[in-house]
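Chemist: One predicted model, sequence on top.
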4 protein chains.
Amino acid sequence: MASKAFAIIAGVGPGTGASIARRFAQTYSVVLLSRNPDSFEPLVKDINSSGGHAVGISTDVSDANSVRAAFDQIAKQFPSSVLAATIFNPSGGFVRKPFLELTEDDYSSSLKLQANGGFNIAKHSLPLLLQARGATPHPPTLIFTGATASLKGSANFASLASGKFALRALAQSLAREFGPQGIHVSHAIIDGVIDIPRTKAWTFEHEDAKLNPDAIADSYWHLHTQPRTTFAFEMDLRPYIEKW
Amino acid sequence: MASKAFAIIAGVGPGTGASIARRFAQTYSVVLLSRNPDSFEPLVKDINSSGGHAVGISTDVSDANSVRAAFDQIAKQFPSSVLAATIFNPSGGFVRKPFLELTEDDYSSSLKLQANGGFNIAKHSLPLLLQARGATPHPPTLIFTGATASLKGSANFASLASGKFALRALAQSLAREFGPQGIHVSHAIIDGVIDIPRTKAWTFEHEDAKLNPDAIADSYWHLHTQPRTTFAFEMDLRPYIEKW
Amino acid sequence: MASKAFAIIAGVGPGTGASIARRFAQTYSVVLLSRNPDSFEPLVKDINSSGGHAVGISTDVSDANSVRAAFDQIAKQFPSSVLAATIFNPSGGFVRKPFLELTEDDYSSSLKLQANGGFNIAKHSLPLLLQARGATPHPPTLIFTGATASLKGSANFASLASGKFALRALAQSLAREFGPQGIHVSHAIIDGVIDIPRTKAWTFEHEDAKLNPDAIADSYWHLHTQPRTTFAFEMDLRPYIEKW
Amino acid sequence: MASKAFAIIAGVGPGTGASIARRFAQTYSVVLLSRNPDSFEPLVKDINSSGGHAVGISTDVSDANSVRAAFDQIAKQFPSSVLAATIFNPSGGFVRKPFLELTEDDYSSSLKLQANGGFNIAKHSLPLLLQARGATPHPPTLIFTGATASLKGSANFASLASGKFALRALAQSLAREFGPQGIHVSHAIIDGVIDIPRTKAWTFEHEDAKLNPDAIADSYWHLHTQPRTTFAFEMDLRPYIEKW
């Protein structure tokens, strides 16, 4: 049976998204959105078999129709539950190239995934989060995942930085509009390499040089539990040896 | 006869773009890009009749094909000239609305104009600016026009802020990639109401409360004249009475 | 008997400092520093009578000799304990005036309390925190309390802003020097009115309009528990209705 | 004979200060403040012998009495002139060391020179700048010289960063208080090595790798000439090859 409140994690692979899903699944039912079902299926099984409740929906967050269909399905599956939190956490979707080699599609890929994706997920989540006020233990929460490139544009990173800057603009705009309505909108800046299967082989001079996705998830959970008197908008997370 | 160097002003109406065009036309031939010929025709006549040289090309900066066609025409009209500066200055193109009333098209309008527009203009300008090194009195220059919303997302401004944040990310990425190659990439933050025909009726308690577009143009020209030892990336411009 | 690890809270009154002290006293012995013993005595009694262990030492953090004497006393009282965390949290000490009415003493008051005070406390804490590595459940931690004025200088706030900007500079410098050595240095930006006895009478249109000091303390504790793979340097905290 | 308007340059050595002095001396009488007369004497002679008018006054900007005496002398020497601009540009005065080796005097040196120095110079300049409104060709101007360390605290730079952050806080506070009164307060961020006698021997892989002090002076002059409709608060200046 579904619990009375659920959380949506948009962007779930074997890394941060999976850790966030597991952390929020300790308290809520979780809905996992990812384009490729391979990204969420093992996780859905894992959570369901260990006492939690997870549902996966194949969704392209950058496509408004796909997101609408996902939220229609969510409405059917959770008819009497409230949305406690949405985490927007898609990764990839950008091209790292010298600017003169970057095609318009390369450049737009990050804008579509991060800015339009963030827009689509926020657009469908906010009405549900507004309805959830008073019915959840913590203020309804919308967290966006940022990166080093949210604060700094660099050579070869025009694509990623444009998408991540735009996503931060969206997050700030929503925090200033929906904060006073009791919704906690946050933006986390993940500054460093995350310790996930894809980065397994990347070695560093020092141990513990990669961000721990479970620790990121703990910080997201902490943000979610803040009362409305004391909302954090932004937190930066990086390994102790990271240059910044 | 065209002078040996020319400047492109992308985004020309009766305001800042016109002042920038007149200022750069004191030294260079100028190419004025605007979607609607009505925006540049009076200015082209005015500059040409007062001893300058101006050409207008109807261009939608957010459309890669339109920008390509414009640069093809530029190449034909200025076969033996070098590009001294490009100013990216399109305005408008965003929708100011409460977030839940914002359609995806509303939201994307600013991303398309500012981010994709900036990308298209930079993509075609940079090869010409690189060729111009050594052949112009000042380092070849690419200036982007930002706004208050380049630094801050606000309620009802998700569309504008997302586009302007993305444009600043693009400008930073290009400054860090092309600065070391001798191209001066700058980003000006225009923070306040500009004194243009559209804002004529807006009155303020104090006089001189609106930005003077000719003074903005003087600052852009100053940026252009900086030697490569001493490049400014960013300058914020606002009226003395502006709250910030 | 003192526990094996202790925390120092520099700047303890009836507000945030007291909440931080109570939160950290759930796990550690706590040393409370304040100029006036009246500021810590009730709190010391309260913590000691409810199963914790607290010691108060009258200290002027802006006076290097006073801070040295306090740390000498700490060394005697905790001969076999390790320092798990220091929180630098002094408040007040600035003068809000039009600039032309501000005396040099007015202006310097905040620099002395925040910048020199932060320096003194960091200078004596860091050798102890370095020694504590490996002997505490969480990475040894040094947290500085910032304010709105840490990021923005405003009319009539030259004194406070200069001190708080300087404190943030100190915190960043220490984070970049001691982070790679395994010390977690953080800076929290408290943006809004805190709900303490002094602000009891300040009323707002909306309920829950003041920061809850216990919630601030929970966030400081969260920062302290982050593993070195995943350190936050900065977090901003404000009430949901705060304009920013 | 002294011209009808004068400028004060506080902090004059053989580098940026000298270039600024020469640039402003093209239009105004200039008063050069430096602790050591050796720093301004050759420059005073040079300006006076080439048709300008310069006066040097030995002044310790960090000492309120010394600054008061300097302004008393200025009042006597320029009884019927108005103050068009003050440039606060002292350099040095900080200690670069690992934090645990930094004494309190080391740490305070930069706070005293930059923060207290800036306070002293602003305190005495602002009443004169307010009087000058309407009597000078450009809005009366107060420019502060910042550095890389104005925006970022780094390992071994706690002293410099604390002073420069505090100076920026002062500049922002004054801009927001005196801007609406018609005074142009600006802060320039000099990010890189300046090409002065002291750095002659520092070589770089690329040519033109150091900031040109005359070009810095040109940008300060440009700031000074901006009308009150279009004030820049901040401009960053760096060599084209600088990493940032």
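Modeler: All right, it came through fine. Note that the coordinates shown come from a computational prediction; the quantities given were computed from them, not determined experimentally.

Chemist: Next one: A:Phe157 relative to B:Leu113, how far apart?
Modeler: Counting by Cβ to Cβ, to the nearest Å, the gap from A:Phe157 to B:Leu113 is 22 Å. (Each C-beta comes from the backbone N, C-alpha and C, glycine too.)

Chemist: Which strands or helices does the host helix or strand of A:Leu170 pack on?
Modeler: Element membership for A:Leu170 (DSSP states H and E) is helix A:158-178. Packing contacts for helix A:158-178, counted by 3 or more Cβ pairs under 8 Å, 6 or more residues apart in numbering or on different chains; DSSP states H and E, involve helix A:104-110, helix A:117-132, strand A:141-147, strand A:184-190, strand A:231-238, helix B:158-178.

Chemist: Can I get it in CSV, CA atoms only?
Modeler: The C-alpha coordinates for helix A:158-178 follow below in CSV (Å, rounded to 0.1, in the frame of the first residue of the first chain):
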residue,chain,number,x,y,z
ALA,A,158,29.2,26.9,-22.9
SER,A,159,26.6,24.2,-23.3
LEU,A,160,26.5,22.9,-19.7
ALA,A,161,26.9,26.4,-18.1
SER,A,162,24.1,27.9,-20.1
GLY,A,163,21.7,25.2,-19.0
LYS,A,164,22.8,25.2,-15.4
PHE,A,165,22.8,29.0,-15.1
ALA,A,166,19.3,29.0,-16.6
LEU,A,167,18.2,26.3,-14.1
ARG,A,168,19.5,28.4,-11.2
ALA,A,169,17.6,31.4,-12.6
LEU,A,170,14.5,29.3,-12.6
ALA,A,171,15.1,28.1,-9.1
GLN,A,172,15.7,31.6,-7.7
SER,A,173,12.5,32.9,-9.5
LEU,A,174,10.5,30.0,-8.0
ALA,A,175,11.9,30.4,-4.5
ARG,A,176,11.0,34.1,-4.5
GLU,A,177,7.5,33.4,-5.9
PHE,A,178,6.6,30.2,-4.0
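
Chemist: residue at max distance from the center of chain A?
Modeler: Farthest-out residue of chain A from its mean C-alpha position, per Cα atoms, centre = their mean: A:Leu100, at 30.9 Å.

Chemist: What residues does that residue make contact with?
Modeler: Shown in contact with A:Leu100 (Cβ atoms under 8 Å, 6 or more residues apart in numbering or on different chains): B:123, B:126-127.

Chemist: Please state the offset of the helix holding A:Leu170 from the chain centre?
Modeler: Centroid separation between helix A:158-178 and its chain, computed with Cα atoms, centre = their mean, to the nearest Å, is 13 Å.

Chemist: Measure how it sits relative to helix A:117-132, angle-wise.
Modeler: Calculated by axes from the mean of the first three to the mean of the last three Cα atoms, to 10 degrees, helix A:158-178 forms an angle of 20 degrees with helix A:117-132.

Chemist: by how many degrees do helix A:158-178 and strand A:231-238 diverge?
Modeler: Using the same axes, to 10 degrees: helix A:158-178 against strand A:231-238 is 160 degrees.

Chemist: Surely A:Ile143 and A:Ile87 touch.
Modeler: Yes - A:Ile143 is in contact with A:Ile87 according to Cβ atoms under 8 Å; the separation is 4.9 Å.

Chemist: Tell me how many other residues surround A:Asp38.
Modeler: Neighbourhood size, A:Asp38 [other Cβ atoms under 10 Å in any protein chain shown]: 11.

Chemist: ugh, wrong one, I meant A:Leu83
Modeler: Counted with other Cβ under 10 Å, residues neighbouring A:Leu83 total 28.

Chemist: check contacts around it.
Modeler: By Cβ under 8 Å, 6+ apart, A:Leu83 lies in contact with A:5-8, A:125, A:128-129, A:131-132, A:140.

Chemist: Is it possible to mark the buried ones in the residues you listed?
Modeler: Among the contacts of A:Leu83, those that count as buried by neighbour count (16 or more other Cβ atoms under 10 Å in any protein chain shown) are A:5-8, A:125, A:128-129, A:132, A:140.

Chemist: Please convert the residues you listed to JSON lines, extending it with distance to D:Gly92 and pLDDT.
Modeler: Below are the buried ones among the contacts of A:Leu83 laid out as JSON lines (distance: Cβ to Cβ, whole Å; pLDDT from 0 to 100):
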{"residue": "A:Ala5", "distance to D:Gly92": "60", "pLDDT": "97"}
{"residue": "A:Phe6", "distance to D:Gly92": "61", "pLDDT": "98"}
{"residue": "A:Ala7", "distance to D:Gly92": "55", "pLDDT": "98"}
{"residue": "A:Ile8", "distance to D:Gly92": "56", "pLDDT": "98"}
{"residue": "A:Ser125", "distance to D:Gly92": "54", "pLDDT": "98"}
{"residue": "A:Leu128", "distance to D:Gly92": "59", "pLDDT": "98"}
{"residue": "A:Leu129", "distance to D:Gly92": "54", "pLDDT": "98"}
{"residue": "A:Ala132", "distance to D:Gly92": "58", "pLDDT": "97"}
{"residue": "A:Pro140", "distance to D:Gly92": "54", "pLDDT": "98"}
